[in-house]
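*Asks:* predicted coordinates and the sequence they were generated for:
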Amino acid sequence: MSHTSVMMTLQLSSSTPVNIQAKLPILGLGRYHQKYSPKLPSEFPSTSISNSHQIPNPILLHPPVNQSVTAIVFGDGSESRLYPLTKRRSEGAIPIAANYRLIDAVVSNCINSNINKIYALTQFNSTSLNSHLSRAYSGAGLGKNGFVEVIAAYQSPEDQGWFQGTADAIRRCLWVLEEYPVVEFLVLPGHHLYKMDYQKVIESHRNRKSDITIVASNGITVKDQDPGFGVLKINTENQVIQYSLKSDKEPLNYTVAETLTRFNDTSYSNIPSMGIYLINRATMVNLLSKYFPKANDFGSEVIRGAISLGMKVEAYLFEGYWEDMRSIEAFYQANMECIKKSNVGYNFCDRDYHVYTKPRYLPPTLVSDAVITDSVIGDGCILNRCKIKGTVVGMRTKIGDGAIIEDSVIMGSDVYQIEDTHESSIPIGIGENTEIRKAIVDKNARIGKNVKIINKNNVEEGDRETNGYIISGGIMVVLGSAEIPNDSIL
């Protein structure tokens, strides 16, 4: 007798339909021979474009946010802490929660905050990210004049090399970024997971007449962060006195490592920077073009320089959930939290806060006598007589009879594969009677029959990349397009 027990969250590929007719260009090499010439803001029109899907109770600012703020999103970095998930893609393009990419959370923050002029600066392993952005955001609450425009790294007669860092990338793109007469630039990492109304940051920035506002997390401590993380020393008025990088290689009397109470000084505190900067247009131009024309990194060089010049640099304290994806373990945990019904993690199913992504027009997931509990299932999956518990199952995943998947992240497939009748061929998906526990299986992986991916020896760290997997923090990570033969035990 057929028995099916299904308790799952089924997410649509896009919480709001988007218009895919509009063309969204990736700026190419041909346009970048121009010399940058600063343009000053002109007067702003009095009308504003409404966004029906923004955060409830919008903040009324003058000039309106959708006319006066441009977002600059960085989708990647030269050093990723999420390898091997970044072997063929940038951090912002990593799939999460079955139907989304990491960068969707940041772009959705902009749209929900009524910021409709968004530039994405990309360079490393950017093919997947460029494709996603150019197809996903072409009218999703962006209004008449809104856009998400990708600026890929380029070379020109004046600049023969690639982007050397975040500051260098912004400097070389200023002539494009200043196309619209905005008042502030909002600089954002593209791979962090959080929900924020940027309008509140802008309101604070303008009320305090700041040159730069840095968003800092008030929910974690400095000791929780990895080396290389930016740390702000702020006074009781939230003015940034010093910007430093946390380091485990520096002596104990280094500014970030010092315990301020040791000096009986309770008027200052250390708080982690979230890497989010709101900076006045003229301030940005002067810092990058006049004061620090050779600076490469925005935080450690430009922000530090702005403080040393005596500019008014303020901190905006953020109290909510924030995950910067500092490790494989953090990425795994973020996926596990999106399954839970508690408010601990990031809620992709928030009715009042839309999360946008690319529409894929896939068929509904087909469930055939499967038992699914406490899981998130993406679109277009084929789930046969299997057991799935506490797992994120990505789009187009095919799972065979008798398979058991627990506490795992299955990223799915880019295509539906027509099965090959050749005996030695292992199709994309998870084979019959396979067992997977506490693992991340990247896209298009071929898992054979009777395979056990269970970390049988309880290894914490292991590099088996030549065999198609690694172990990080006790989590098995199967590489994208890897093939795990039948009867393997990992």
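*Replies:* Great, that's in hand.

*Asks:* and the helices in the stretch 251-400 of the chain?
*Replies:* Assigned by DSSP state H, counting those that start in this stretch, the helices in the stretch 251-400 of the chain fall at 281-285, 304-308, 328-337.

*Asks:* just the terminal-to-terminal distance for stretch 435-454.
*Replies:* Start-to-end span of stretch 435-454 (CA to CA, to the nearest Å) is 7 Å.

*Asks:* how far off centre is that stretch?
*Replies:* From the chain centre to the centre of stretch 435-454 is a distance of 25 Å (CA atoms, centre = their mean, to the nearest Å).

*Asks:* again, but for stretch 114-124
*Replies:* 12 Å.

*Asks:* ok, now stretch 325-343?
*Replies:* 13 Å.

*Asks:* what of stretch 175-188?
*Replies:* Centroid separation for stretch 175-188 versus its chain: 21 Å, with CA atoms, centre = their mean.

*Asks:* circling back: ok, which of the helices of the stretch 251-400 of the chain comes nearest residue 430?
*Replies:* Nearest of those to residue 430, taken as CB to CB: helix 328-337 at 17.0 Å. All C-beta atoms are positioned from the backbone trio N, CA, C, and that covers glycine.

*Asks:* what about dumping the CA coordinates of that closest one to PDB?
*Replies:* Provided in PDB are the C-alpha atoms of helix 328-337 (Å, rounded to 0.1, in the frame of the first residue of the first chain):
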ATOM      1  CA  ILE A 328      31.600  26.200   5.200                       C
ATOM      2  CA  GLU A 329      30.200  25.500   8.700                       C
ATOM      3  CA  ALA A 330      28.500  29.000   8.700                       C
ATOM      4  CA  PHE A 331      27.000  28.400   5.300                       C
ATOM      5  CA  TYR A 332      25.800  25.000   6.400                       C
ATOM      6  CA  GLN A 333      24.200  26.300   9.600                       C
ATOM      7  CA  ALA A 334      22.500  29.200   7.700                       C
ATOM      8  CA  ASN A 335      20.800  26.600   5.500                       C
ATOM      9  CA  MET A 336      19.800  24.500   8.500                       C
ATOM     10  CA  GLU A 337      18.300  27.600  10.200                       C
END
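
*Asks:* buried residues, that helix. List them.
*Replies:* 328, 330-337 (16 or more other CB atoms under 10 Å).

*Asks:* contacts only, for the closest residue to residue 68 other than its chain neighbours.
*Replies:* Closest residue to residue 68 apart from its sequence neighbours, by CB to CB, 6 or more residues apart in numbering: residue 183 at 4.3 Å. By CB atoms under 8 Å, 6 or more residues apart in numbering, the contact set of residue 183 is 41, 63, 68-69, 280-281.

*Asks:* just checking, residue 389 touches residue 403?
*Replies:* No. Counting by CB atoms under 8 Å, residue 403 is not a contact partner of residue 389; they are 11.8 Å apart.

*Asks:* compare those two (neighbour count), which wins?
*Replies:* Neighbour count, other CB atoms under 10 Å: between residue 389 and residue 403, residue 403 has more, with 25 against 17.

*Asks:* does that one touch residue 386 like I think?
*Replies:* Yes. Using CB under 8 Å, residue 403 is in contact with residue 386, at 4.2 Å.

*Asks:* right, and residue 321 touches residue 350 too?
*Replies:* No. The criterion here is CB under 8 Å, and residue 321 misses it with residue 350 at 11.7 Å.

*Asks:* which residues are in contact with both of those two?
*Replies:* Common neighbours of residue 321 and residue 350 (CB under 8 Å, 6+ apart) are residue 195.

*Asks:* ok, now how distant is residue 113 from residue 202?
*Replies:* Plainly put, residue 113 is 8 Å away from residue 202 if you go by CB to CB, to the nearest Å.

*Asks:* likewise residue 319?
*Replies:* Residue 319 is 17 Å from residue 202, where distance means CB to CB.

*Asks:* the two - which one has more neighbours?
*Replies:* Per other CB under 10 Å, whichever of residue 319 and residue 202 has more neighbours is residue 202, with 24 against 8.

*Asks:* can I assume the more buried one is in contact with residue 278?
*Replies:* Yes. Assessed by CB under 8 Å, residue 202 is found in contact with residue 278 at 6.4 Å.

*Asks:* need the overlap of contacts for these two.
*Replies:* Counting by CB under 8 Å, 6+ apart, the shared contacts of residue 202 and residue 278 are 184, 186.

*Asks:* coming back round to it: JSON lines please, covering the helices of the stretch 251-400 of the chain and showing mean pLDDT.
*Replies:* Listed next are these as JSON lines, based on pLDDT from 0 to 100:
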{"stretch": "helix 281-285", "mean pLDDT": "94"}
{"stretch": "helix 304-308", "mean pLDDT": "94"}
{"stretch": "helix 328-337", "mean pLDDT": "95"}
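
*Asks:* what's the closest of those to residue 364?
*Replies:* For the helices of the stretch 251-400 of the chain, the distance to residue 364 is smallest for helix 328-337, at 22.1 Å, taking CB to CB.

*Asks:* how much space between the residue positioned nearest the centre of the chain and residue 106?
*Replies:* By CA atoms, centre = their mean, the chain has its centre lying nearest to residue 191, at 2.0 Å. Using CB to CB, residue 191 is found at 8 Å from residue 106.

*Asks:* overlap in contacts of those two?
*Replies:* With CB under 8 Å, 6+ apart, residue 191 and residue 106 have common neighbours residue 92.

*Asks:* rewinding a little: which residues do residue 113 and residue 202 both contact?
*Replies:* Both residue 113 and residue 202 are in contact with residue 65, where contact means CB under 8 Å, 6+ apart.

*Asks:* right, and the residue nearest to the centre of the chain touches residue 92 too?
*Replies:* Yes. The criterion here is CB under 8 Å, and residue 191 meets it with residue 92 at 4.8 Å.

*Asks:* so what sits against both of those two?
*Replies:* 75-76, 102-103, 106.

*Asks:* what is the neighbour count of residue 438?
*Replies:* 18.

*Asks:* now the helices of the stretch 251-400 of the chain as TSV including distance to residue 458?
*Replies:* Shown next, in TSV, are the helices of the stretch 251-400 of the chain (distance: least, CB to CB, whole Å):
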stretch	distance to residue 458
helix 281-285	50
helix 304-308	44
helix 328-337	15
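
*Asks:* looking at these, which is closest to residue 270?
*Replies:* Short answer: helix 304-308, nearest of the helices of the stretch 251-400 of the chain by CB to CB, at 14.7 Å.

*Asks:* which residues in the longest strand seen in the chain does the neighbour count mark as buried?
*Replies:* Longest strand in the chain, counting residues (DSSP state E): strand 268-280. Neighbour counts over strand 268-280 (16+ other CB under 10 Å) mark 269-280 as buried.

*Asks:* and it, what does it pack against?
*Replies:* For strand 268-280, the elements it packs on are strand 184-189, helix 198-207, strand 212-217, strand 230-235, strand 313-318, judged by 3 or more CB pairs under 8 Å, 6 or more residues apart in numbering; DSSP states H and E.
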